[in-house]
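Asks: just coords:
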RNA sequence: GCGAGGGUAGCCAAGCUCGGUCAAAGGCGACAGACUCAAGAUCUGUUCUCGAAGGAGUCCCCCGGUUCAAAUCCGGGCCCUCGCACCA
């Protein structure tokens, strides 16, 4: 029987489909299991790595199904945002990142031409995910519940959620500063650069603007990240070759660079850009610093970049190497000094002022570091390093010194905020946000930080919500364990989160203000619940129009009377009742599985929205986080288009091979590099198993033997182990036992001479069942030959029966196999080709002594052991007793619980070996003699009998 | 910076929560034997060092500590990865 993966995959997937085994209906009194994986965003083709989490989910629900649970495992897609829009645009302009990838995935020209429409993109990829990925991988999901976040009915659900958040007091409004394209509005800045064409790693920096008074009433405005250094100011830097502008801000006139004025306009009300202000004209004059009121000179510096901050810089030479070196250079620059009239006296007045006590440094760290690194020029590349070093240590470990007025003695980190707030109160400072590097929109325009005055937030800082969520998280089944612990910190760290956005996005209009679209994380928090409802929409029993607030209030919160809601929505009462019942049956969600990127994003809000809006009995019960399958050399980005298309990989390796790869290659909680060879080796493994299974099925003798009981016992032990693993959702250990350990049992059975067709088939059936969660197609193919219809997928796995009998059957075989190891070791070391092997089991007194030692609760009484043995043992053995007693005592003291219970099992060693005699003779190709070590008739010319220990018979070979 | 997770034999990777069953599962690779005309596949065995008797020695990034006993617990160090919010 050759194995054609593709055809058996199609065969069984069709069969499951026809039998509708995947559809989930409530069954009263049957335990339910409701699991989802976090639905993927619709942004293009996926990579083979993405199938890991999905496959593990399917394995878990299949196992649950086979252990008596009624399983709900629905799938959907997340289409909110601009992924589909940007994809459609890329198709439109023929961008290879979209078009070539589509072609490589076998997309026809006709389809391609439709994909300039974002909604077509969503429709297209919904179909790809569903058919080419999830169905192709044999998932046993209830397809009839499929939903996507931009479906009109899903939007009704999100509207309801936002209304509920609002009613619960969890929606707040406040100003927000967000990156936006001057043309297209808000954009997302992230490494995948879906919205932007440049600057994916930019961050929004929070500057403080300090206003310095000029004698003419204007303000020179400097932007700084370190407002607390205002105490160490010595001078101001202006770039003589930059054209500054006078900008009217409220009632004040600010001098800033032109680009800065443009940015300010986006962040403040009433900014008017006036006439130019020559930078050079200011140099040599002085200005008055905020807070300290100190008058400082204005010096020239070519380093002020008009595109960074305000294009003006305040100078703190004590703690900023750039400022220090700037002063040093200026002192030497006769030309500039002459031109701007900078006297020695002015330079002397700009001597560094110590303001921060930095551990490991003297009073003036900038000077110290510059000197140590040998920095003498502003062109020196080491300057940046020097700045970083001083900045880092000073900010995190420094303490403000006595020059800092009332802030003396404060930690710099705290002083920063306090000094800033003081100046903000006084009106001598303002806040300003800017990007750390240039960012360009996909349209080519600049992206700048824009103030959104009335941004809506979900209030995840709400103390009661936070507390209840943290408490509930402790009771949840969260894997890995580290995340169970850490989610407490994550929840603590959570604050308000923007939940709606302006701009051109796919998504649900915000019901409280329809200019806004509900943001992509906010519309994906409660959604497991929606799979209860989506089935009825998909079946045409209800429709989006009627799905109003009263409808969701009724079916999800139990509010209102059925008849009222029926008349208000136009849905019939039976349907409403059925949805409500189904919700009560399936909810809460048992497991939500998602990638590690969700740990600080989706999982916390998923949890908090449930806690905030639903009744406690409906709060989620479990979360599993999966790490990634990566390409060698880094994570494979879905948005950048994938390497090999998933259906091609399925064809090439076989779905079950890939499923086994995902399940077994490593713990779910580590990243693993994808390698074709590894997947191939799993395919080879399955082919070998298939050969083994075929041989086992072809076996047609029926000769009962001692091995039958062993195989049955072994099977029970395996069952117990794998059941334990799956209770922990440890799919990897499960797969290891099923695919790598269990085959050994069958091989051993045959090798030892087991020969019962019926026993083999009985064991094979259980083994096949255990294969089903991970390699369902192969399992069905085997099952069909073993047991015929219906499916192994819908059969029930028996509970393990671990009795004493099981333990002793296994102990018998353990005796034989360790003995074989010992003999092999001896043969290896001595290089003897044996003509005869003599085995001598431990005498009774040794067994008695060991069991006595094992059963003694506390410290082993060596003397007692010796005394008892002296009385019981034959005279000739007496000399051995003390040494053996010592060894037994030592071993016993060291033995773990498992060892103790294992040694406690009684084995009649001579009888067990008698049964294995023929086998051993065959294995070693010579005669085997058996004795008890105290049998006077034993053949023991070298006196090996003394070596005999319980379960380790003495060996003599010749 | 803040937060999290890691470093295990030639390679991949379990074990670490609960110290002793650990020279450390499993896989891959390599080597040997069986089968075969042969190759491949398959099966069996070996794969840190030493050993003509089933044993001994040294080992789980480095240093130190706790303990009768440490891959596992504690302290310190070096190196690597990931997340940090409107991005799904």
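Replies: Noted; the coordinates are in hand. From a predicted model like this one, the values you see are computed outputs, not experimental measurements. Residues are numbered from 1 along each chain as shown, chains lettered A, B, ... in the order given.
Asks: Check the contact between residue A:815 and residue A:909; I expect there is one.
Replies: Yes. If you go by Cβ atoms under 8 Å, residue A:815 and residue A:909 touch, sitting 6.2 Å apart. To be clear about C-beta, it is placed using only N, CA and C from the backbone, and glycine gets the same treatment.
Asks: Tell me where the stretch 551-700 of chain A has helices.
Replies: Shown for the stretch 551-700 of chain A, the helices assigned by DSSP state H, counting those that start in this stretch span residues A:562-569, A:573-586, A:602-613, A:646-653, A:655-664, A:676-698.
Asks: coming back round to it: if you count what's nearby, which of residue A:815 and residue A:909 comes out ahead?
Replies: Between residue A:815 and residue A:909, counted using other Cβ atoms under 10 Å, the more crowded position is residue A:909 (24 against 21).
Asks: For the more buried one, what are phi and psi?
Replies: Residue A:909 adopts backbone torsions of phi -60, psi -40, taken as degrees, to the nearest 10.
Asks: Quick check: chain neighbours aside, which residue is closest to it?
Replies: Ranked by Cβ to Cβ, 6 or more residues apart in numbering and with sequence neighbours excluded, the top spatial neighbour of residue A:909 is residue A:841, at 4.2 Å.
Asks: Mind listing what's buried along stretch A:734-741?
Replies: For stretch A:734-741, the neighbour count (16 or more other Cβ atoms under 10 Å) marks A:734, A:735, A:736, A:737, A:738, A:739 as buried.
Asks: about what we covered before: overlap of the contact sets of residue A:815 and residue A:909?
Replies: Listed as contacting both residue A:815 and residue A:909 by Cβ atoms under 8 Å, 6 or more residues apart in numbering are residue A:951.
Asks: Close to RNA strand B: what parts of the stretch 201-350 of chain A are there?
Replies: Among all residues of the stretch 201-350 of chain A, those adjacent to RNA strand B (criterion: Cβ under 7 Å from any atom of the strand) are A:203, A:204.
Asks: same for the helix or strand hosting residue A:424, what does it pack against?
Replies: Assessed by DSSP states H and E, residue A:424 sits inside helix A:412-426. Helices and strands touching helix A:412-426, by 3 or more Cβ pairs under 8 Å, 6 or more residues apart in numbering; DSSP states H and E, are strand A:204-213, helix A:382-397, strand A:399-400, strand A:429-435.
Asks: Can you tell me which of these is most buried?
Replies: Of the helices and strands packed on helix A:412-426, the one with the most neighbours on average (mean count of other Cβ atoms under 10 Å) is strand A:399-400, at a mean of 22.
Asks: show me the contacts for residue A:276.
Replies: A:243, A:244, A:245, A:246.
Asks: what sits opposite the closest residue to residue A:704 other than its chain neighbours in the beta ladder?
Replies: Distance criterion Cβ to Cβ, 6+ apart; nearest residue to residue A:704, sequence neighbours excluded, is residue A:756 at 5.5 Å. Beta bridges link residue A:756 to residue A:702, judged by DSSP bridges.
Asks: and residue A:756, how many neighbours?
Replies: As a burial measure, residue A:756 scores 19 neighbours (other Cβ under 10 Å).
Asks: Contact partners for it?
Replies: A:701, A:702, A:703, A:704, A:705, A:708.
Asks: if you set the cut-off to 10 Å instead, what comes out?
Replies: With contact set as Cβ atoms under 10 Å, 6 or more residues apart in numbering, residue A:756 has these partners: A:699, A:701, A:702, A:703, A:704, A:705, A:707, A:708, A:711, A:749, A:762, A:763.
Asks: Next one: it relative to RNA strand B, how far apart?
Replies: 19 Å (Cβ to the nearest atom of the strand, to the nearest Å).
Asks: Also residue A:721?
Replies: Separation of residue A:721 from RNA strand B (Cβ to the nearest atom of the strand): 11 Å.
Asks: which phi and psi does residue A:112 have?
Replies: Per degrees, to the nearest 10, the backbone of residue A:112 is at phi -60, psi -40.
Asks: Report pLDDT for it.
Replies: pLDDT, residue A:112: 92.
Asks: now it, nearest residue through space, not along the chain?
Replies: Ranked by Cβ to Cβ, 6+ apart and with sequence neighbours excluded, the top spatial neighbour of residue A:112 is residue A:102, at 5.6 Å.
Asks: For the one you found, what are phi and psi?
Replies: Dihedral angles (degrees, to the nearest 10) for residue A:102: phi -60, psi -50.
Asks: give me every residue that touches it.
Replies: Contacts for residue A:102 (Cβ under 10 Å, 6+ apart) come out as A:44, A:45, A:87, A:90, A:91, A:108, A:109, A:111, A:112, A:115, A:124, A:641.
Asks: Go through the residues you listed and name the one nearest RNA strand B.
Replies: Nearest to RNA strand B among these is residue A:44, at 10.6 Å by Cβ to the nearest atom of the strand.
Asks: what kind of secondary structure is the closest one in?
Replies: Under DSSP: H, G, I helix; E, B strand; the rest coil, residue A:44 falls in the coil class.
Asks: where does the stretch 501-650 of chain A have low pLDDT?
Replies: Scanning the stretch 501-650 of chain A for pLDDT under 70 picks out the ranges A:631-643.
Asks: on that earlier part again, report the buried members of the contacts of residue A:756.
Replies: The neighbour-count test (16+ other Cβ under 10 Å) marks A:699, A:705, A:707, A:708, A:711, A:749, A:762, A:763 as buried among these.
Asks: Test my guess that the third one contacts residue A:750.
Replies: Yes. Contact between residue A:707 and residue A:750 holds when scored by Cβ atoms under 10 Å: they sit 8.8 Å apart.
Asks: Check the burial of residue A:644 by counting its neighbours.
Replies: Neighbour tally, residue A:644, other Cβ under 10 Å: 15.
Asks: same thing with residue A:732?
Replies: Residue A:732 has 18 neighbours, counted by other Cβ under 10 Å.
Asks: does RNA strand B sit close to the helix or strand containing residue A:53?
Replies: Take DSSP H and E as the rule and residue A:53 turns out to sit in helix A:51-66. No. Using Cβ under 7 Å from any atom of the strand, helix A:51-66 stays clear of RNA strand B, coming no nearer than 12.7 Å.
Asks: got the contact list for the residue minimising distance to the centre of chain A?
Replies: Residue closest to the mean C-alpha point of chain A, counted by Cα atoms, centre = their mean, is residue A:596 at 1.6 Å. Counting by Cβ under 10 Å, 6+ apart, residue A:596 touches A:53, A:480, A:483, A:603, A:625, A:626, A:627, A:628, A:669, A:671.
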